[in-house]
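J.: mind folding the following:
(one chain, ligands or ions: 1)
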Amino acid sequence: MKNQIRVFAPASVANVACGFDILGFAVEYPGDEVEIKLKDEPGVVISTIDGDNGKLPKAPDKNSVTVPILSFLKHYRIDQGMEIKLFKKTPAGSGLGSSAASSVAGVFAANILLGEPMKQEHLLPFALDGEKAACGIAHADNVAPALLGGFVLIRSYHPLDVVKIPTPDQLYCTIFHPDLEVRTSDARKILKKNIPLKDAIVQWGNIAGLITGLMKSDYELISRSMEDVIVEPIRSILIPGFDKVKKAVMETGALGCNISGSGPSIFSLSRSDEIAKEIGEVMAEQFKLDDVSGEFYYSKINNQGPKVITQDEDEIL
Ligand code: HSE
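T.: Take a look at the predicted model:
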């Protein structure tokens, strides 16, 4: 039996323009890393959290890395002790699925250490418990792509029904993370509870078009469908210069440019590594005009989800 493992789970872009709470995809970079060591004594403890500036709780029933592990152990009625080290590389409150990356990494690693009693896709409800602990609501559009990789559609929450959508070959993502923090719970409170039917019709057309575009590798259709008439007009107010940045990004050859999850990060899809990089530079320049600093990442879509970095095959003594 393995007694120690270090894993990576990716950041993710939720909503993907028109798919509020029902669509997300995973990126290659950034992501969180988690190390778990089995202990002889019972109890799950977090010994280290690196990269969070002291902001995240160390109590195992409060942190999104350990809540899924506790649910998983409870499900199997196992009292296995574990020491957890969390290396945060996705900034919290960024709209990059930071809590989802930790949740997925934690339960993915624990499942492997315990001999993989569960298939990876069945870990989703446990990872969702971590998301709920972090932001008060168990939205799955970060956790599902972080766990399964690629684009994932949440067809239904009750019952949970997730569908992995094929990723076209030439699809690259650029993310700009401004040095601002927006709490998901706050970004949800400002949304309207009712939407006019005419807006719903536009949104339905776009989400159906986006899924069809992904399935057919029809980049023009993907581009036409990356429009959000319901959530983005409200949330973009929280992002200084959003409309100007978006215009400049579209002029650089992007397929689309929208808010990543609940923001303040924004993302763009494009068809090449070069354009993805150029878009990142344009995003940085444009935000700078509004005195907003930040960093950008670009990569292909991550089709794999979490992965093992190192593991130790030693028998437990
Ligand atoms: N779908 C969620 C929201 C994602 O937009 O509130 C949060 O990252």
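J.: okay, and the helix or strand of the protein with the least pLDDT?
T.: Here the helix or strand of the chain ranked lowest by mean pLDDT, DSSP states H and E is helix 184-189, holding a mean of 90.
J.: ok, the helix or strand following that one near the ligand or not?
T.: Toward the C-terminus, helix 184-189 is succeeded by helix 197-216 as the next helix or strand (DSSP states H and E). No: Helix 197-216 does not reach the ligand (Cβ under 6 Å from any ligand atom); its nearest approach is 13.1 Å. The C-beta positions use only the backbone N, C-alpha and C, and glycine is treated the same way.
J.: ok, residues contacting helix 197-216?
T.: 16-19, 22-23, 151, 153, 165-168, 195, 218-230 (Cβ atoms under 8 Å, 6 or more residues apart in numbering).
J.: switch to 10 Å and redo it
T.: Identification of contacts with helix 197-216 by Cβ atoms under 10 Å, 6 or more residues apart in numbering yields 16-20, 22-23, 25, 150-151, 153, 163, 165-168, 171, 192, 195-196, 218-231, 233, 255-256, 301.
J.: what residues are up against residue 284?
T.: Counting by Cβ under 10 Å, 6+ apart, residue 284 has contacts 176, 178, 245, 292-296.
J.: filter the contacts of helix 197-216 down to the ones in helices?
T.: Within the contacts of helix 197-216, residues falling in helices by DSSP state H are 219-225, 233.
J.: check which residues of the least confident helix or strand of the chain are buried.
T.: Neighbour-count burial for helix 184-189 flags 184, 187-188 (criterion: 16 or more other Cβ atoms under 10 Å).
J.: also stretch 9-26?
T.: So, applying 16+ other Cβ under 10 Å, buried residues of stretch 9-26: 9-20, 22-26.
J.: that older thread, what about the least confident helix or strand of the chain, distance to the chain center?
T.: In terms of Cα atoms, centre = their mean, to the nearest Å, the centre of helix 184-189 is set 16 Å apart from its chain centre.
J.: what do you get for stretch 109-117?
T.: With Cα atoms, centre = their mean, you get 22 Å for stretch 109-117.
J.: also stretch 37-51?
T.: Worked out by Cα atoms, centre = their mean, stretch 37-51 lies 24 Å from the chain centre.
J.: what's the span of stretch 260-275, first residue to last?
T.: End-to-end span of stretch 260-275 (Cα to Cα, to the nearest Å): 19 Å.
J.: what do you get for stretch 262-274?
T.: Using Cα to Cα, one end of stretch 262-274 lies 27 Å from the other.
J.: stretch 232-251 too?
T.: 19 Å.
J.: what about the ligand: which of the buried residues of stretch 9-26 touch it?
T.: Near the ligand, judged by Cβ under 6 Å from any ligand atom, the entries from these are 14-15, 20.
J.: correct me, but residue 296 touches residue 176?
T.: Yes: with contact defined as Cβ atoms under 10 Å, residue 296 counts as touching residue 176 (4.6 Å).
J.: pretty sure residue 298 sits in a helix.
T.: No: read with DSSP: H, G, I helix; E, B strand; the rest coil, residue 298 is strand and lies in no helix.
J.: count the residues that sit near it.
T.: Close neighbours of residue 298, defined as other Cβ atoms under 10 Å, add up to 25.
J.: which residues pair with it across the strands?
T.: The partner list for residue 298 in beta bridges (DSSP bridges) reads residue 174.
J.: which ones are touching whichever residue of the stretch 201-317 of the chain sits closest to the ligand?
T.: Closest contact between the stretch 201-317 of the chain and the ligand, by Cβ to the nearest ligand atom, is at residue 261 (2.8 Å). If you count contacts by Cβ under 10 Å, 6+ apart, residue 261 has them with 11-16, 20, 24, 94-98, 100, 139, 141-142, 182, 184, 187, 235, 267.
J.: change it to 7 Å
T.: By Cβ atoms under 7 Å, 6 or more residues apart in numbering, the residues touching residue 261 are 13-15, 95-97, 142.
J.: farthest-apart pair in those residues, please.
T.: Using Cβ to Cβ, the two most remote members of these are 15 and 96, lying 12.1 Å apart.
J.: return the item of the contacts of residue 261 having minimum pLDDT.
T.: The member of the contacts of residue 261 with the lowest pLDDT is residue 95, at 92.
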